[in-house]
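>>> below is the structure, and that's it, no one-letter string:
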């Protein structure tokens, strides 16, 4: 059962004004002296004037309250009170338009106003009886209305203030108000018991929620509309490498998020506070310097009015998943031994370079590099020695190019270097590529010192000389990727045929 707070206020206001006008009507029949002697002096005017408000105000207040309740009106109680005061004044004014005589002690105003009053009470009784299952108070109001209807019906047939019908009418009013008082007391007691039960259930529910909150293996956090952390469970604190939520507040939650993701997190917070849910993957760094990948699902939390006041976030540590994804990516696009891009990634970057060349008009260069003295090292010392040499070769080639260039390993002892964005002039681009190729050739021709670890932890130092044959192809946006690779490969074989350890340009 429930009654809206505004409906309770309407009823209180209606009963209060009705009681005030009823009391005022009753006080006029008392002999007054002193300050209040003016009441007795003006009783012939005040007595009939207070009759309509004292009888009509309560059923009209109940009828208006029912109308507002059925329409779920949000009318402010102050406005309702103002309306009831105006109604009271209107009923006072109406009384002066009705007969003002007294016949054997009964007001002449009573009989013409009694019949409409009885019809009004019948309507009020029917309205609240239909709502009796909504709340016990409505059934009580309907029964009270029946007694007041009978009371006013007796008043219709009364011939004097001391006649039996008049006495029955006043007794009916007294019984009706006593009944209402008893119903109110019973409802108040039930409400109190219900409230206590609800509070106990709420406390138990809060304890259960707190237990779930603290034992939940995923991070659970609550953030207010200003981005301040309100709650975070133990799993979340462990991710941030602390055991105190105060330390998190002191450092600010946003400072744990890596700088490149803070704008995304702020956008997510703004989106959730506008009423939408959202997800985000980002990296954080704990107080001890550990970096973790997190996946958070954020949803809005609303107050009783439906306004979004907080963000609820459920966050999972996906660091292992990210590592697995990175490993899969590396397996697909990078050489496991040297860490350089493989043939697949190189071809993708070559296509991107051709697209860039089309926009800029600049040339690029592709170099095929083949080691000239690699096989004897493998044959004499094994593949482990050859792997050490290939790793060193990768380092040396990478040191000779820019970050925008690409160094790849195609397999075995074959390396490919792609120089992008050289120059708009082909001759100048050829010269730039030649300088880089010669630099690579020279550094690869320098001696290699390889340290082999034996099974008995002994270390064997190997000195090895290994030159390289380099073929270079100059290209622009009009070239085909397959043709470019073929040109560089052909140039590399020309370099080998011409004596090795040299640079040869395709078409020279």
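Arrived safely. Since the structure is predicted, the reported quantities are computational estimates derived from the model, not experimental observations.

>>> phi and psi next, for the closest residue to residue 439 other than its chain neighbours.
Of all residues not flanking residue 439 in the chain, residue 400 sits nearest, at 4.9 Å (CB to CB, 6 or more residues apart in numbering). Where you see a C-beta, it was placed from the backbone N, CA and C, and this is true even at glycine. Per-residue torsions, residue 400: phi -100, psi -10 (degrees, to the nearest 10).

>>> could you do the one 3 residues further on as well?
For residue 403, the backbone dihedrals are phi -70, psi -30 (criterion: degrees, to the nearest 10).

>>> show me where the stretch 51-200 of the chain has strands.
Assigned by DSSP state E, counting those that start in this stretch, the stretch 51-200 of the chain shows strands spanning 102-103, 106-107.

>>> again, but for the chain
Under the criterion DSSP state E, the chain contains strands at 102-103, 106-107, 219-224, 229-232, 278-285, 291-302, 308-317, 364-371, 406-411, 414-419, 448-453, 459-464, 468-475, 503-505.

>>> could these go into TSV alongside mean neighbour count?
Below are the strands of the chain laid out as TSV (neighbours: other CB atoms under 10 Å):
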stretch	mean neighbour count
strand 102-103	13
strand 106-107	18
strand 219-224	19
strand 229-232	17
strand 278-285	16
strand 291-302	16
strand 308-317	18
strand 364-371	25
strand 406-411	20
strand 414-419	23
strand 448-453	13
strand 459-464	12
strand 468-475	26
strand 503-505	22
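
>>> about what we covered before: can you give me the pLDDT of the residue nearest to residue 439?
pLDDT for residue 400: 95.

>>> so how many other residues sit close to it?
Number of residues near residue 400 (other CB atoms under 10 Å) recorded here: 19.

>>> go ahead and confirm it touches residue 435.
No - if you go by CB atoms under 8 Å, residue 400 and residue 435 don't touch, sitting 9.8 Å apart.

>>> tell me the spacing between residue 272 and residue 219.
Remark: distance between residue 272 and residue 219 (CB to CB, to the nearest Å) = 16 Å.

>>> for residue 340, same thing?
Taken as CB to CB, the span from residue 340 to residue 219 is 38 Å.

>>> would you reformat the strands of the chain as a markdown table and include mean pLDDT?
Shown next, in a markdown table, are those (pLDDT from 0 to 100):
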| stretch | mean pLDDT |
| --- | --- |
| strand 102-103 | 51 |
| strand 106-107 | 49 |
| strand 219-224 | 89 |
| strand 229-232 | 87 |
| strand 278-285 | 93 |
| strand 291-302 | 92 |
| strand 308-317 | 90 |
| strand 364-371 | 95 |
| strand 406-411 | 93 |
| strand 414-419 | 96 |
| strand 448-453 | 88 |
| strand 459-464 | 86 |
| strand 468-475 | 95 |
| strand 503-505 | 95 |
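
>>> need these in CSV with distance to residue 262, can you?
Output for the strands of the chain, formatted as CSV (distance: least, CB to CB, whole Å):
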stretch, distance to residue 262
strand 102-103, 86
strand 106-107, 80
strand 219-224, 14
strand 229-232, 15
strand 278-285, 9
strand 291-302, 13
strand 308-317, 15
strand 364-371, 37
strand 406-411, 31
strand 414-419, 35
strand 448-453, 45
strand 459-464, 48
strand 468-475, 42
strand 503-505, 48
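
>>> please name the residues that touch residue 335.
341-342, 408-409 (CB atoms under 8 Å, 6 or more residues apart in numbering).

>>> can you put these in CSV and add distance to residue 4?
Formatted as CSV, the contacts of residue 335 follow (distance: CB to CB, whole Å):
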residue, distance to residue 4
341, 69
342, 71
408, 73
409, 76
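
>>> out of those, flag the one nearest to residue 375.
Distance to residue 375 across these (CB to CB) is lowest for residue 409, with 16.6 Å.

>>> that closest one and residue 390 touch, don't they?
Yes - look at residue 409 against residue 390 with CB under 8 Å: they come within range, at 7.5 Å.

>>> quick one: the residue nearest to residue 439 from residue 427, how far?
Going from residue 400 to residue 427 by CB to CB gives 22 Å.

>>> how about residue 408?
From residue 408 over to residue 427 the distance is 27 Å, taken as CB to CB.

>>> what touches both of residue 409 and residue 390?
Shared contacts of residue 409 and residue 390, defined by CB under 8 Å, 6+ apart, comprise 337-338.

>>> select, out of the strands of the chain, the one closest to residue 92.
strand 106-107 (14.6 Å).

>>> pretty sure residue 371 contacts residue 468?
Yes - look at residue 371 against residue 468 with CB under 8 Å: they come within range, at 5.5 Å.

>>> identify the contacts common to these two.
Joint contacts of residue 371 and residue 468 (CB under 8 Å, 6+ apart) are residue 444.

>>> OK, contacts around residue 337?
387, 390-391, 409.

>>> actually, residue 319.
Contacts of residue 319 by CB under 8 Å, 6+ apart are 291-293.

>>> want to throw those residues into TSV with distance to residue 498?
Listed next are those as TSV, based on distance: CB to CB, whole Å:
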residue	distance to residue 498
291	51
292	55
293	52
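
>>> the residue nearest to residue 68 when sequence neighbours are not counted: neighbouring residues, count only.
Once flanking residues are discounted, residue 68 sits nearest to residue 75: 5.7 Å by CB to CB, 6+ apart. By other CB under 10 Å, the residues close to residue 75 number 14.

>>> likewise for the one 5 residues further on?
Look at residue 80: counted by other CB under 10 Å, it has 20 neighbours.
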